[in-house]
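Student: can't give you the sequence, but here's the structure:
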């Protein structure tokens, strides 16, 4: 089994857990916070044709469709897509969901005005080939917005391991309760160590790679935590802040 197949199998088992978190975000301040952030950095036109890559339970798909954009969303797992369809149905929005490998998109060149993805690129088996493919399906002047973090650097970087432990201790000390975790922690760590971006410092790696693939006007915002995370998440992810990368075709 390839690493990509292992990743797909892993995410099938995480769908229900992630869906619960998405429902909380849809009902919370994060809904407007994320929409504002995306629209501030998206192409300036009233209705965009958007591709949500690795849509998971469909958070970006729902909020962007609710804002009047035409959204196509892909994920590599049936369970995630099932959760995403359920959320979009409850919200009364119309999103086109398709099962697809984000490294090999079944779309014509220059199909989309905007591509968005959140917490996806760290899990890619071959991120450079994915970036090349994503650029192919963007229209000239279209934009790619990547939201991610150095989530798993603590697995091999000693300094980050210590900071990660301190963040967890602070979370517990503040009375936030049990630490959130994946369903299978050991499998999460094993796969993370096998994936290439776990050992890269980001977003520097992404900026360099996107420019090499022909993207222009690449810029970053390197700490989104205060904008899009609730207080307890800001404590837990203090040493691994979420970043945004914007790249234009």
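Tutor: Arrived safely, thanks for sending. A quick note: this is a predicted structure, and the numbers were derived from the prediction, not measured.
Student: Do you know the pLDDT at residue 163?
Tutor: If you check residue 163, the pLDDT there is 97.
Student: ok, it touching residue 150?
Tutor: No - Residue 163 is beyond contact range of residue 150, at 10.7 Å (criterion: Cβ atoms under 8 Å). The way it works is simple: take the backbone N, C-alpha and C, and place the C-beta from them, glycine included.
Student: Neighbour count: those two, which is higher?
Tutor: Each of residue 163 and residue 150 has its neighbours counted (other Cβ atoms under 10 Å); residue 150 has more, 21 against 16.
Student: got a list of what the more buried one touches?
Tutor: Residue 150 makes contact with 122, 160, 201-202, 240, according to Cβ atoms under 8 Å, 6 or more residues apart in numbering.
Student: mind redoing it with 7 Å?
Tutor: The contact partners of residue 150, taken as Cβ atoms under 7 Å, 6 or more residues apart in numbering, are 201-202, 240.
Student: Three-state assignment for it, please.
Tutor: Here residue 150 is coil, with the state taken from DSSP: H, G, I helix; E, B strand; the rest coil.
Student: before we move on, the earlier item: out of the contacts of residue 150, who's the most crowded?
Tutor: Using other Cβ under 10 Å as the neighbour test, those are led by residue 202, with 23 neighbours.
Student: Tell me how far residue 79 lies from residue 118.
Tutor: Taking Cβ to Cβ, to the nearest Å as the measure, residue 79 falls 18 Å from residue 118.
Student: still on that earlier bit, check the contacts of residue 150 against residue 134 and report the nearest one.
Tutor: Set against residue 134, the nearest of the contacts of residue 150 by Cβ to Cβ is residue 202 (16.3 Å).
Student: on that earlier part again, now render the contacts of residue 150 as a markdown table, adding pLDDT.
Tutor: Formatted as a markdown table, those follow (pLDDT from 0 to 100):
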| residue | pLDDT |
| --- | --- |
| 201 | 95 |
| 202 | 97 |
| 240 | 96 |
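Student: now for the helix or strand of the chain at the bottom of the mean pLDDT ranking, which elements pack on it?
Tutor: When the helices and strands of the chain are scored by mean pLDDT, DSSP states H and E, helix 3-12 comes last with a mean of 74. The elements that helix 3-12 packs onto, with contact taken as 3 or more Cβ pairs under 7 Å, 6 or more residues apart in numbering; DSSP states H and E, are helix 78-91, helix 185-194.
Student: any idea which of those is most buried?
Tutor: Ranked by mean neighbour count, the helices and strands packed on helix 3-12 are led by helix 78-91 with a mean of 18 (mean count of other Cβ atoms under 10 Å).
Student: how much does it deviate in direction from helix 3-12?
Tutor: Going by axes from the mean of the first three to the mean of the last three Cα atoms, to 10 degrees, helix 78-91 is angled at 40 degrees with respect to helix 3-12.
Student: i'd like the first residue to be 14 from this point on
Tutor: OK, 14 is where the count begins now, so the last one is helix 91-104.
Student: who's in contact with helix 91-104?
Tutor: Outside helix 91-104, the residues that touch it by Cβ under 7 Å, 6+ apart are 24-25, 28, 32, 35, 39, 68-71, 74-75, 79, 86, 88, 108, 110, 112.
Student: ok, and for the biggest helix by length in the chain, which residues are buried?
Tutor: Longest helix in the chain by number of residues (criterion: DSSP state H): helix 171-186. Within helix 171-186, the residues that count as buried by 16 or more other Cβ atoms under 10 Å are 173, 176-177, 180, 184.
Student: Got phi/psi on residue 67?
Tutor: Backbone torsions for residue 67, taken as degrees, to the nearest 10, come to phi 60, psi 50.
Student: Show the contacting residues for the closest residue to it other than its chain neighbours.
Tutor: Spatial nearest neighbour of residue 67, excluding adjacent residues (Cβ to Cβ, 6 or more residues apart in numbering): residue 133 at 3.4 Å. Neighbouring residues of residue 133 by Cβ under 7 Å, 6+ apart: 66-67, 115.
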